[in-house]
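Trainee: test case, fold it:
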Amino acid sequence: MIIGNKEFDIQNKTYVMGILNVTPDSFSDGGRWNNVDAALKHAEQMISEGAHIIDVGGESTRPGHTKVEAEEEIRRTVPVVEAIKKRFDIPISIDTYKSSVAKENLLAGADLVNDIWGLKYDDEIAKVIADASAACCLMHNRDNTHYHDFMEDVKNDLKEVITIAKKAGIKDEKIILDPGVGFVKSYEQNLEVIHCLEQFRELGYPVLLGTSRKSVIGTALDLPADERLEGTLVTTVMAVMKGCAFVRVHDIKENVRTIRMTEAILGRQGN
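Mentor: Numbering: from 1, shown residues only. All right, here's what the predicted structure looks like:
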């Protein structure tokens, strides 16, 4: 898979997408990187620790978050994307579900759109991605928790997402799927998703797991967000063992080392 100017071996390796929230209210690092200089410094640190993609987000999606207008999201993210692109040779993801935010950030140099609504919130975003020939990470999400057969329903929802993407002209080789841990799922359902990750690979696309510091870990270990590293690393091991191509995380160094060790045990070449 090609993202930006980098090639990713999605069949045999697991890559790290580093989280860079330029927001005042993200659940675990809100306000720490919300100016260009601080964001650049953190991006540099993540790259030095082994991140393969930097995911820039301008709106928190934590439970109870306040939505921001697209103009404000663009104001927060575009200068950061431009600055990272100018200084570093690394693919950049823009974490947004709004077409105007995606478009402005793709023009600024972003290579991938990470949409937590899987193209279902904004009817225009699929065309924006297709027109830019950009990669995309499409997450499972929905507006209700009325599941009949949980795993089958999640997979069917993702099949709908794929149909939307292909209808808009997004090519298969540009699509990553995210099963959406922490979104419209109970604690038990989040655990089931992590336990059954290999089922999502059957859809034929690379899978990204995003569990870093999330409440499913906090609930399992009864720990606050800033003490969930070990739990996150366990989910990263699960991601590698079950063939996920990407993990989206806050703590780069620890996750890179965890992936290398797991891949070594499995007889796969490390990052």
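
Trainee: got phi/psi on residue 21?
Mentor: phi -90, psi 120 (degrees, to the nearest 10).

Trainee: where in the stretch 1-150 of the chain is pLDDT low?
Mentor: 25-33, 63-64 (pLDDT under 70).

Trainee: what ranges do the strands span in it?
Mentor: Secondary structure of the stretch 1-150 of the chain by DSSP state E, counting those that start in this stretch: the strands cover 2-3, 6-7, 15-21, 53-57, 92-95, 112-115, 135-139.

Trainee: nearest to residue 42, out of those?
Mentor: Of all the strands of the stretch 1-150 of the chain, strand 15-21 sits nearest to residue 42, with 6.1 Å by CB to CB. The C-beta positions use only the backbone N, C-alpha and C, and glycine is treated the same way.

Trainee: now that closest one: how far from the chain's centre is it?
Mentor: With CA atoms, centre = their mean, to the nearest Å as the basis, strand 15-21 stands 7 Å off its chain's centre.

Trainee: how about the CA coordinates for stretch 104-111, as CSV?
Mentor: Extracted in CSV, the C-alpha atoms of stretch 104-111 (Å, rounded to 0.1, in the frame of the first residue of the first chain):
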residue,chain,number,x,y,z
GLU,A,104,-8.0,22.0,3.0
ASN,A,105,-5.7,19.6,4.7
LEU,A,106,-5.2,17.5,1.6
LEU,A,107,-4.3,20.7,-0.2
ALA,A,108,-1.9,21.5,2.6
GLY,A,109,-0.1,18.2,2.2
ALA,A,110,-2.0,15.5,4.1
ASP,A,111,-1.8,12.1,2.5
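
Trainee: before we move on, back to that, please name whichever of the strands of the stretch 1-150 of the chain is nearest to residue 121.
Mentor: Closest approach to residue 121 among the strands of the stretch 1-150 of the chain (CB to CB): strand 112-115, 7.7 Å.

Trainee: parallel or antiparallel, list what pairs with that closest one.
Mentor: According to DSSP bridges, strand 112-115 has the following sheet partners: strand 92-95 (parallel), strand 135-139 (parallel).

Trainee: circling back: please identify the deepest-packed of the strands of the stretch 1-150 of the chain.
Mentor: Highest mean neighbour count among the strands of the stretch 1-150 of the chain (mean count of other CB atoms under 10 Å): strand 92-95, with a mean of 29.

Trainee: before we move on, the earlier item: would CSV of the strands of the stretch 1-150 of the chain with distance to residue 151 be doable?
Mentor: Shown next, in CSV, are the strands of the stretch 1-150 of the chain (distance: least, CB to CB, whole Å):
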stretch, distance to residue 151
strand 2-3, 28
strand 6-7, 32
strand 15-21, 24
strand 53-57, 26
strand 92-95, 26
strand 112-115, 22
strand 135-139, 16
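
Trainee: quick one: low-confidence residue ranges for the stretch 151-271 of the chain.
Mentor: In the predicted model of the stretch 151-271 of the chain, residues 269-271 satisfy pLDDT under 70.

Trainee: mind redoing it with 90?
Mentor: 268-271 (pLDDT under 90).

Trainee: quick one: the strands in it, in order.
Mentor: 175-178, 208-209, 246-249.

Trainee: right, and these - which one's nearest residue 23?
Mentor: Here strand 246-249 is closest among the strands of the stretch 151-271 of the chain (CB to CB), at 15.5 Å.

Trainee: I'd like to know how many residues surround the nearest residue to residue 246 once chain neighbours are set aside.
Mentor: Once flanking residues are discounted, residue 246 sits nearest to residue 208: 4.0 Å by CB to CB, 6 or more residues apart in numbering. A total of 26 residues lie near residue 208 under the criterion other CB atoms under 10 Å.

Trainee: equivalent analysis for the one 10 residues further on, please.
Mentor: Number of residues near residue 218 (other CB under 10 Å) recorded here: 17.

Trainee: from residue 222, how far off is the closest residue to it other than its chain neighbours?
Mentor: Leaving aside its sequence neighbours, residue 218 sits nearest to residue 228 (CB to CB, 6+ apart; 5.9 Å). Residue 228 sits 11 Å away from residue 222, going by CB to CB, to the nearest Å.

Trainee: the two: who's more crowded?
Mentor: Set residue 228 next to residue 222 and count neighbours by other CB under 10 Å: residue 228 wins out with 24 against 7.
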